[in-house]
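**Student:** Give me coordinates for this.
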Amino acid sequence: MTGTALVVGASGIVGSATVDALLAEGWQVHGLARRPTARDGVIPVAADLQDKAVTAAALADLRPDAVFITTWLRQESEAENIRVNAAMVRHLLDALRIGGSTQHVALVTGLKHYLGPFEAYGQGALPQTPFREEQGRLDVENFYYAQEDELFAAAERDGFSWSVHRPHTVIGMAVGNAMNMGTTLAVYATLCRETGRPFRFPGSPAQWNGLTDMTDARLLARHLLWAAITPLARNEAFNVVNGDIFRWSWMWERIAQWFGLEPAGFDGSVEPLEAQMADDGPLWQAIAAREGLAVQDLNRLSSPWHTDADLGRPIEVVTDMSKSRRLGFTAYQPTDDAFFDLFTRLRAERLIP
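**Tutor:** As a prediction, the model looks like this:
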């Protein structure tokens, strides 16, 4: 099956990978962003989903068969996260209702479904790992739940099918993305190599020693497309991870080797990247100028706050993929290769030296 797709958040890590997957399969792709960037094969749609009237006007003549929601806006509190992000989904689906063409809507959320929002991340009574879709919601306000509720209400009203996709930390390519561990670690490694600072794991003993998994944006994009065209996957929520598990005590050395670094020993203390990199803006600017890099603003490349949140968790996080496997999605991606592919692309596009 091919058709017309609308990718919401087309310039982000997940959105851009989804665009790639759709184009490869012959879909006509419209890419929505607040400030769309030109891209071959993609019809740009400029809209701020916070503005209902602007969204309705931007989508008035669009008739997508499938819609992929891969965006959110971080706010200062979870109450504001709920208000803003629920409204964005509502405004989008209200605007698409006019055309009446939408057959399927996919929503990307994440493992904060099981771990809780930023304000209560990894706290309280959490479900056992590995996380499974039937474990349901925590008894706490969460903007992911609010987004889902908007999706479910619109699907019941308008008759389209839906899918919800819950990746773990996503590895992929985007500049200016709020949650970007892969590029953040690449920048950190570059700074350590430049200055001779130790390449030290910044997170918790639980993450260093415990099992974990991650999600390649390319695999997530394939999962989004699979759910949109697979009848058995309709009206279901899915975890989406690469399929391997690892310990950061192993992965950290693999990443260090790629950058020609010797990994520092881990003594169990937490040294967040946000503090380590707080004063590195001028240094990165100097490196970028010397090496002819495409982006000199460190804040556009790295998101240490989010990497710290993931690597600083006090609990082990492993995700079950049995539901997707039973329904026929069998794609697999080694996580170390996902990092290495990203680092290679960052270097090729002159984002790191």
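**Student:** okay, CA-based contacts and neighbour counts for the rest of this
**Tutor:** Will do.
**Student:** Need the residues that contact the strand or helix carrying Phe339.
**Tutor:** Per DSSP states H and E: Phe339 is located in helix 335-348. Here helix 335-348 makes contact (Cα atoms under 8 Å, 6 or more residues apart in numbering) with 171-173, 182-183, 186, 213-216, 242, 244, 251, 254-255, 258, 352-353.
**Student:** so where do the helices sit in the stretch 251-353 of the chain?
**Tutor:** 273-276, 281-291, 298-301, 304-311, 322-327, 335-348 (DSSP state H, counting those that start in this stretch).
**Student:** The longest one - what's its average pLDDT?
**Tutor:** Helix 335-348 comes out with an average pLDDT of 98.
**Student:** swap in the fifth one?
**Tutor:** Per-residue pLDDT values across helix 322-327 average out to 98.
**Student:** Also stretch 137-146?
**Tutor:** So the average pLDDT for stretch 137-146 ends up being 94.
**Student:** okay, how far is it across it, tip to tip?
**Tutor:** 11 Å (Cα to Cα, to the nearest Å).
**Student:** Comparing the helices of the stretch 251-353 of the chain, which stretch has the densest surroundings?
**Tutor:** Ranked by mean neighbour count, those are led by helix 304-311 with a mean of 20 (mean count of other Cα atoms under 10 Å).
**Student:** Which other helices and strands does that helix contact?
**Tutor:** Contact here means 3 or more Cα pairs under 8 Å, 6 or more residues apart in numbering; DSSP states H and E; on that basis helix 304-311 packs against helix 181-195, helix 273-276.
**Student:** wait, which of those is closest to Asn299?
**Tutor:** helix 181-195 (9.7 Å; Cα to Cα).
**Student:** Can you mark which positions in the closest one are buried?
**Tutor:** 181-193 (16 or more other Cα atoms under 10 Å).
**Student:** what residues does that helix touch?
**Tutor:** By Cα under 8 Å, 6+ apart, helix 181-195 touches 169-173, 197-199, 256, 259, 261, 277, 284, 301-304, 306-307, 339, 342-343, 346, 352-353.
**Student:** and that helix, how far from the chain's centre?
**Tutor:** Offset of helix 181-195 from its chain centre (Cα atoms, centre = their mean, to the nearest Å): 20 Å.
**Student:** With stretch 59-66 instead?
**Tutor:** Put simply, stretch 59-66 sits 24 Å off its chain's centre (Cα atoms, centre = their mean).
**Student:** Apply the buried test to the contacts of helix 335-348 and list what passes.
**Tutor:** 171-173, 182-183, 186, 213-216, 242, 244, 254-255, 352-353.
**Student:** Now tell me which of those the prediction trusts least.
**Tutor:** Among these, Met173 has the weakest pLDDT, 92.
**Student:** Checking my notes, it in a helix, right?
**Tutor:** No. Going by DSSP: H, G, I helix; E, B strand; the rest coil, the assignment for Met173 is coil, not a helix.
**Student:** Apart from its neighbours in sequence, what residue is nearest it?
**Tutor:** In this structure, Met173 finds its nearest non-sequential neighbour in Ile13, 5.3 Å apart by Cα to Cα, 6 or more residues apart in numbering.
**Student:** if I read this right, that neighbour contacts Ala174, doesn't it?
**Tutor:** Yes. Between Ile13 and Ala174 there is a contact at 4.9 Å, judged by Cα atoms under 8 Å.
**Student:** Greatest separation within the buried ones among the contacts of helix 335-348: which pair is it?
**Tutor:** Farthest pair in the buried ones among the contacts of helix 335-348, by Cα to Cα: Asp244 and Pro353, 29.3 Å.
**Student:** Please, which helix or strand holds Trp162?
**Tutor:** strand 161-167.
**Student:** Each with direction, which strands does that strand pair with?
**Tutor:** Take DSSP bridges as the rule and strand 161-167 pairs in its sheet with strand 104-108 (parallel), strand 236-240 (parallel).
**Student:** quick one: low-confidence parts of the chain?
**Tutor:** 122-124 (pLDDT under 70).
**Student:** residue boundaries of the strands in this structure?
**Tutor:** 4-8, 28-33, 42-46, 66-69, 104-108, 161-167, 170-171, 211-212, 215-216, 236-240, 246-247 (DSSP state E).
**Student:** could those be laid out in TSV, adding distance to Leu138?
**Tutor:** Formatted as TSV, the strands of the chain follow (distance: least, Cα to Cα, whole Å):
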stretch	distance to Leu138
strand 4-8	27
strand 28-33	31
strand 42-46	35
strand 66-69	23
strand 104-108	18
strand 161-167	15
strand 170-171	22
strand 211-212	21
strand 215-216	22
strand 236-240	15
strand 246-247	26
